[in-house]
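Asker: Provided below are the primary sequence and the corresponding predicted coordinates.
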Amino acid sequence: MKSLRVLLLPLAAATLLGCSQTEETEKEIRLVPVEVLEVTKSPGYEVEQRFVGKVEARRRSQLAFELGGSVEEIWFEEGEPVEAGQKLARIDTDRLEARKAELAATLEQAEATRDLAKATLERYEALVDRRAVSKQELDATRERLLTSQAVIRRIESEIKTVETDLVESELFAPFSGTLSKLLVDEGAVVSPQQIVFELLETSHLEVRTGLAEEAVTGLKPGDSIAIMTSRGVQAELPILRILPQRDERTRTVDVILDAHDANLSIRDGDLVSVQRTLEIREPGFFLPRDALTESTRGLWACFVATHDPEAGPEAHRLDRRDLEVLHEYADSVFVRGSIKEGDWILPSGLQKIAPGQRVRILEVNSPTSEIPSVARRVVTP
């Protein structure tokens, strides 16, 4: 019986030793091999905002006759270019020409009356000393001369008015451009100030855009802003003017960009996308989008690998850390929360792991702190 106990004790010891080795082997097997990403803190992030801009001609004029009348001639059609000072149209001037001829005849009559009064005054002045003419007659003659001179000045003034009307009966281009609209044809009777043409200075185009307060802060004339046309053509346009008032409806500030030297193939009325990149000074971390999983109370979370010496020299435990997403990019996000610089996070494959799971680190990838170049979510007022 004693010998049997001696035989059983070594057998029990061997059995216990075998179980211990099995547990250690199973513990090593449960260490899931993973790659991690080391994170480093960034001082801030960039937000790309996009606003709508409208292409406008630098000058736009609606042209009308100062006088009413029948349109006699029109020398240009819609879409045709014109030079500054070119004659565009004319209304009928027969009445004005007749009035001018009438005033010319009246002027000749008034000048004859003046000449007669002047000659009579000269004779009376020579006779008054010899008492051949009374002073009353002399004064009356002088008065007739002054009256005739006043009549001449009035008629000359009326002639100048008619001549001005004759000039205003013709419509001239105030600047070089393109006629975008023709609203009447020959034979139409127009009233004073009735619009006949719309003229655009198409040789010098501008882009007007309304920027939000944070987007316009720090800008000044001469700075450049990126735009993109509907055809995908991009350019940097200099700022011409920043208007002092704020739009009451949109609460934006109008900024005028110079598109004169840009070869963009744009037209008055086109819409372009105005791009503005803002730097947000808010410390945080750039993480891959796949490193996030949903958490509670509207937060997100990631998994951080921390050393777990109880499970072995190579063992790490995955701890859940809550995060707040500040901005989203195409493949990454900018977050702040309960992680710190130098932490090792699981960059992907979160659906295959659970909090507290033990892993073995295969590789530590380089830190990610660079600002992504293209924003996924943009702000459009």
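Answerer: It's in. Numbering: from 1, shown residues only.
Asker: For residue 278, name its beta-bridge partners.
Answerer: Note on residue 278: beta-bridge partners by DSSP bridges are residue 47.
Asker: no no, residue 177
Answerer: residue 82.
Asker: That one - how many residues pack around it?
Answerer: The tally of other residues near residue 177 (other CB atoms under 10 Å) stands at 23. In this view, the C-beta of every residue, glycine as well, is placed from N, C-alpha and C.
Asker: Who are the contact partners of it?
Answerer: Counting by CB atoms under 8 Å, 6 or more residues apart in numbering, residue 177 touches 57, 59, 81-82, 199-203.
Asker: try residue 231
Answerer: The contact partners of residue 231, taken as CB under 8 Å, 6+ apart, are residue 265.
Asker: Now do the same for the nearest residue to residue 113 once chain neighbours are set aside: helix, strand or coil?
Answerer: Among residues not flanking residue 113 along the chain, residue 148 sits closest, at 4.4 Å (CB to CB, 6 or more residues apart in numbering). Assigned by DSSP: H, G, I helix; E, B strand; the rest coil, the conformation of residue 148 is helix.
Asker: Quick check: residue 148 vs residue 109, distance?
Answerer: 10 Å (CB to CB, to the nearest Å).
Asker: Compare those two (neighbour count), which wins?
Answerer: Shown here are residue 148 and residue 109; by other CB under 10 Å, residue 148 has more neighbours (19 against 13).
Asker: gap between the more buried one and residue 141?
Answerer: Using CB to CB, which is the criterion applied here, residue 148 is 11 Å from residue 141.
Asker: anything in contact with each of these two?
Answerer: residue 117.
Asker: on that earlier part again, from the contacts of residue 177, list just the buried residues.
Answerer: Buried subset of these (neighbour count, 16 or more other CB atoms under 10 Å): 57, 59, 82, 199-202.
Asker: residue ranges of the strands in the stretch 101-250 of the chain, please?
Answerer: Assigned by DSSP state E, counting those that start in this stretch, the stretch 101-250 of the chain shows strands spanning 170-172, 177-182, 189-190, 195-200, 205-211, 224-228, 234-246.
Asker: These: which one's closest to residue 36?
Answerer: Judged by CB to CB, the one of the strands of the stretch 101-250 of the chain that comes nearest to residue 36 is strand 224-228, at 37.1 Å.
Asker: Quick check: mean pLDDT of that closest one?
Answerer: The average pLDDT within strand 224-228 is 92.
Asker: So which residue is smack in the middle of this structure?
Answerer: The residue lying closest to the centre of the chain (CA atoms, centre = their mean) is residue 209, at 2.2 Å.
Asker: Return the set of residues that bridge with that one.
Answerer: Under DSSP bridges, the beta-bridge partners of residue 209 are residue 53, residue 255.
Asker: That one reaches residue 55, doesn't it?
Answerer: No. Using CB atoms under 8 Å, residue 209 is not in contact with residue 55; the gap is 10.2 Å.
Asker: what's the spacing between residue 112 and residue 127?
Answerer: From residue 112 over to residue 127 (counting by CB to CB), the distance is 23 Å.
Asker: what do you get for residue 357?
Answerer: Per CB to CB, residue 357 is found 136 Å from residue 127.
Asker: Among the two, which residue is more densely surrounded?
Answerer: Set residue 357 next to residue 127 and count neighbours by other CB under 10 Å: residue 357 wins out with 18 against 13.
Asker: Now that one. Nearest residue, chain neighbours left out?
Answerer: Nearest non-adjacent residue to residue 357, counting by CB to CB, 6+ apart: residue 318, 5.0 Å away.
Asker: Also residue 55?
Answerer: Distances taken as CB to CB, 6+ apart put residue 270 closest to residue 55, at 4.2 Å, once the chain neighbours are dropped.
Asker: what ranges of the stretch 51-200 of the chain fall below the confidence cut-off?
Answerer: 126, 128-133 (pLDDT under 70).
Asker: what are the ranges of the helices in it?
Answerer: Along the stretch 51-200 of the chain, counting by DSSP state H, counting those that start in this stretch, helices occupy 94-127, 135-168.
Asker: Kindly calculate the angle that the first one makes with helix 135-168.
Answerer: Spelled out, it's helix 94-127. Per axes from the mean of the first three to the mean of the last three CA atoms, to 10 degrees, the angle that helix 94-127 makes with helix 135-168 is 160 degrees.
Asker: which of the residues in helix 94-127 are buried?
Answerer: Under the neighbour-count criterion of 16+ other CB under 10 Å, helix 94-127 has 96, 99-100, 103, 106-107, 110, 113-114, 117, 120-121, 124 buried.
Asker: May I see those arranged in JSON lines, with distance to residue 171 as well?
Answerer: Shown next, in JSON lines, are the buried residues of helix 94-127 (distance: CB to CB, whole Å):
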{"residue": "96", "distance to residue 171": "15"}
{"residue": "99", "distance to residue 171": "20"}
{"residue": "100", "distance to residue 171": "20"}
{"residue": "103", "distance to residue 171": "24"}
{"residue": "106", "distance to residue 171": "30"}
{"residue": "107", "distance to residue 171": "29"}
{"residue": "110", "distance to residue 171": "34"}
{"residue": "113", "distance to residue 171": "39"}
{"residue": "114", "distance to residue 171": "38"}
{"residue": "117", "distance to residue 171": "44"}
{"residue": "120", "distance to residue 171": "49"}
{"residue": "121", "distance to residue 171": "48"}
{"residue": "124", "distance to residue 171": "54"}
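Asker: and which of those is nearest to residue 49?
Answerer: residue 96 (58.7 Å).
Asker: And the closest one, how far from residue 193?
Answerer: For residue 96 relative to residue 193 (CB to CB), the value is 18 Å.
Asker: quick check: domain ranges of this structure?
Answerer: As assigned by automatic domain parsing, the chain contains the domains 49-59+202-279, 63-91+170-201, 93-168.
Asker: Tabulate those (a markdown table), appending distance to residue 339.
Answerer: A markdown table is the format used below for the domains of the chain (distance: least, CB to CB, whole Å):
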| stretch | distance to residue 339 |
| --- | --- |
| domain 49-59+202-279 | 22 |
| domain 63-91+170-201 | 57 |
| domain 93-168 | 77 |
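Asker: Appreciated, that's everything.
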